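A.B. asks: have a look; sequence and predicted model below, questions after that.
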Amino acid sequence: MDEKEKENLKERNEICSKTLKTGSRTYFFDARETRAGDYYLTITESKKNFSETGEISYKKHKIYLYKEDFSKFQSILDDMIKFIINEKGSEVISERHQKDFKNQTHYQNQDIKEIKRASEMKNVTNINFEDI
């Protein structure tokens, strides 16, 4: 394959691209063309990592999404987003975004322990020794 053929293949394969940068992650959404001339979507997550020596490297994860799966994928993605927003709201809850996250997590864990303890106590049968 000569250079001109490689360039034509590259141009045909890359149709449209959008990028979303979020902190240490970048998401690439690329419409590409199959050999048969149809389109598909690739979603690539690229995460910046720093080694102990300070060198930067990138980890990449890629999803290939074909047209026959678009509606099911979109439906499940929409359902999962709605579920998460309904359950936890749209506010970000994390160590990185909240200064008092560790304190909140500690108190929430304490609450969970108390609820479990109370639940376990309900399962204990009261025995009256006079009945024996």
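C.D. replies: The structure has been received and is ready for your questions.

A.B. asks: would you map the strands across this protein?
C.D. replies: Under the criterion DSSP state E, the chain contains strands at 14-22, 25-33, 39-50, 56-66.

A.B. asks: residue 90 is nearest to which of the ones you listed?
C.D. replies: Nearest of those to residue 90, taken as CB to CB: strand 14-22 at 15.2 Å. In this view, the C-beta of every residue, glycine as well, is placed from N, C-alpha and C.

A.B. asks: so what touches that closest one?
C.D. replies: Strand 14-22 is contacted by residues 26-33, 39 when judged by CB atoms under 8 Å, 6 or more residues apart in numbering.

A.B. asks: how about a cut-off of 6 Å?
C.D. replies: 27-31, 33 (CB atoms under 6 Å, 6 or more residues apart in numbering).

A.B. asks: so where's the protein shaky on pLDDT?
C.D. replies: When residues are selected by pLDDT under 70, those of the chain lie in 1-12, 96-132.

A.B. asks: now do 50
C.D. replies: Along the chain, segments meeting pLDDT under 50 span 131-132.

A.B. asks: domain parsing for it?
C.D. replies: Domain assignment for the chain by automatic domain parsing gives 1-90, 92-122.

A.B. asks: just send the strands of the chain back as JSON lines, with distance to residue 90 and mean neighbour count too.
C.D. replies: Below are the strands of the chain laid out as JSON lines (distance: least, CB to CB, whole Å; neighbours: other CB atoms under 10 Å):
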{"stretch": "strand 14-22", "distance to residue 90": "15", "mean neighbour count": "11"}
{"stretch": "strand 25-33", "distance to residue 90": "19", "mean neighbour count": "15"}
{"stretch": "strand 39-50", "distance to residue 90": "21", "mean neighbour count": "14"}
{"stretch": "strand 56-66", "distance to residue 90": "24", "mean neighbour count": "10"}
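
A.B. asks: got the ones you listed as a markdown table, with distance to residue 95 columns?
C.D. replies: Listed next are the strands of the chain as a markdown table, based on distance: least, CB to CB, whole Å:
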| stretch | distance to residue 95 |
| --- | --- |
| strand 14-22 | 16 |
| strand 25-33 | 16 |
| strand 39-50 | 17 |
| strand 56-66 | 20 |
